[in-house]
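Participant: sequence plus the predicted model coming up.
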Amino acid sequence: MVPHRIDPVGGCPHATNARLLGQGAVATVVLPGNIEGMVVLGHDALKDFLAHPDVAKGARHFTALGDGRIPDGWPLMTYTTVQGMTTADDEDHRRLRSLVSRAFTARRVEELRPRVEALTGELLDGLEAAVEAGEDVVDLRGRFALPLPMSVICELLGVDEEFRGRLHHLSVQAVATDIGPRESVAANRELLSVLAAVATSRARRPGEDLTSALIAAREEDGDRLSEQELIGTLLLMIVAGHKTTLNLITNAVRALCAHRDQLDLVLSGGASWSDVVEETLRWDSPVSYFPFRYPKRDLTVDGTVIPRGTPVLAGYSAAGRDRSAHGPDADRFDITRPSAARHLSLGHGPHYCLGAPLARLEATVALERLFTRFPDLDPAAPDVQLARKEGFVSNSVSQLPVRLRPVAAPGLMGGS
């Protein structure tokens, strides 16, 4: 069978996922740079794979990297070599995770609710002002779905305002799959420089934030957190802390606007905003294919052998629409679906998303407040015409132009 060549530019993954799932739960792929890899697409197969004890995250298990076949500037290098929780295994992973997990307990996240609600209100006030100033169309992704999670994670980390805009731009570039080696190397270098500046700022003026706590842990016991792990942890928190929620909110708005019956159901109290969030995570996962895991030995997954050291993508968007797990209508957006909570879009096993409670809080607050304020919100362009987010890791659109107020019918303006 001819391997599927991953398009670095990305695009809507669902048609490709359906085709590959029709051939099996595991597929062979060609990654950018003509690197051989595989993707696990089926729900049950992916769930087992993510929790398998012989599957590692550390780059030392990546055969092609160890053999020198991965060039500098490879667009997926950040996912592979950054030092932090996402590339750590066993005791190193437990050590790093324990340093930040206290910031994401259910209690600590709930304590953030008033701030999330206040930020949401401020952003909605800004949108309201834009409408009153005569703006017919606004980019809801850039002016609402992005600044909310970016502000929350930056406040949690103690990132000064001066760094935030640059961090968003660079974090997007650093994990893009559709840029050249020179741009990739430059973006990574500048991103690491900015994160080092953030750490220096917090070291000079420590506060009640996660970065200050991580620095204190490193200074108290240097064996617990190296300088590279500190920067890698900040990188992970910045990228994962806003991009997943940004895509989640964007995709949920698109889904509800395309399925007005579902929007009416939740607005009438027939379903909850949590139901909307969970079904969106299943039906249109914020992440399509997440890099990387490596079998520590030849591993048979759903009848397919994945050779030791192969870079394997987690096919979250495919698993969400796997009919064997979600039924023959898995392609349908249905917020009353009882299996919605079974999705894997926030991971599974030891690397389950640490920020999942915060992402769920931000998304539920954002969606409830948005549609309460603007129940007639409507896209300003058909969904199929919206440009997709660059790269094959993220799954969303790059902009979401909407009209917040319905267009008045002819003859209803300017008096009688």
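Facilitator: Sure thing, it's come through.

Participant: surely residue 251 touches residue 282?
Facilitator: No - Residue 251 is beyond contact range of residue 282, at 10.9 Å (criterion: CB atoms under 8 Å). Heads up, the C-betas are built off the backbone N, CA and C, glycines and all.

Participant: looking at the two, which is more packed in?
Facilitator: Between residue 251 and residue 282, counted using other CB atoms under 10 Å, residue 282 has the larger neighbour count: 28 against 22.

Participant: which residues touch residue 137?
Facilitator: By CB atoms under 8 Å, 6 or more residues apart in numbering, the residues touching residue 137 are 380, 401, 402, 403.

Participant: if you average pLDDT per helix and strand, which one of the protein comes out bottom?
Facilitator: Across the helices and strands of the chain, mean confidence by mean pLDDT, DSSP states H and E is lowest for helix 161-174: a mean of 80.

Participant: centre of the chain to that one, how far?
Facilitator: 16 Å (CA atoms, centre = their mean, to the nearest Å).

Participant: who are the packing partners of the very next helix or strand once past that helix?
Facilitator: Sequence-wise, the next helix or strand downstream of helix 161-174 (DSSP states H and E) is helix 181-204. Helix 181-204 sits against helix 77-81, helix 161-174, helix 210-220, helix 227-258, with contacts defined as 3 or more CB pairs under 8 Å, 6 or more residues apart in numbering; DSSP states H and E.

Participant: swap the cut-off to 10 Å and go again
Facilitator: helix 77-81, helix 147-157, helix 161-174, helix 210-220, helix 227-258 (3 or more CB pairs under 10 Å, 6 or more residues apart in numbering; DSSP states H and E).

Participant: what's the nearest residue to residue 116 if we skip its chain neighbours?
Facilitator: With sequence-adjacent residues excluded and distances taken as CB to CB, 6 or more residues apart in numbering, residue 116 is closest to residue 365, at 5.1 Å.

Participant: how about the contacts made by the one you found?
Facilitator: For residue 365, the contact set (CB atoms under 10 Å, 6 or more residues apart in numbering) comprises 112, 113, 116, 117, 119, 120, 121, 148, 273.

Participant: is it correct that it falls within a strand?
Facilitator: No - using DSSP: H, G, I helix; E, B strand; the rest coil, the assignment for residue 365 is helix, not a strand.

Participant: need the pLDDT of residue 292.
Facilitator: We have a pLDDT of 96 for residue 292.

Participant: what helix or strand is it located in?
Facilitator: Here residue 292 is assigned to strand 289-295, by DSSP H and E.

Participant: strand partners of that strand, parallel vs antiparallel please.
Facilitator: Looking at strand 289-295 with DSSP bridges, its partner strands are strand 55-56 (antiparallel), strand 312-315 (antiparallel).

Participant: pLDDT on the shortest one, on average?
Facilitator: Just to be clear, that refers to strand 55-56. When pLDDT is averaged over strand 55-56, the result is 98.

Participant: could we number from 685 for the rest of this?
Facilitator: Understood, numbering begins at 685; the last thing we discussed is strand 739-740.

Participant: which residues touch it?
Facilitator: With CB under 10 Å, 6+ apart, strand 739-740 has contacts from 724, 732-733, 745-746, 771-774, 777, 976-981, 983, 985, 990, 993, 996, 1033-1035.

Participant: mind checking which of those residues land in strands?
Facilitator: Secondary structure from DSSP state E places 724, 976, 977, 978, 979, 983, 985, 990, 996 of the contacts of strand 739-740 in strands.

Participant: so what's the second one up against?
Facilitator: This means residue 976. Taking CB under 10 Å, 6+ apart as the criterion, residue 976 is in contact with 715, 721, 740-741, 743, 745-746, 749, 760, 763-764, 770-771, 994-998.

Participant: how close does residue 983 get to residue 932?
Facilitator: Distance of residue 983 to residue 932, computed by CB to CB, to the nearest Å: 31 Å.
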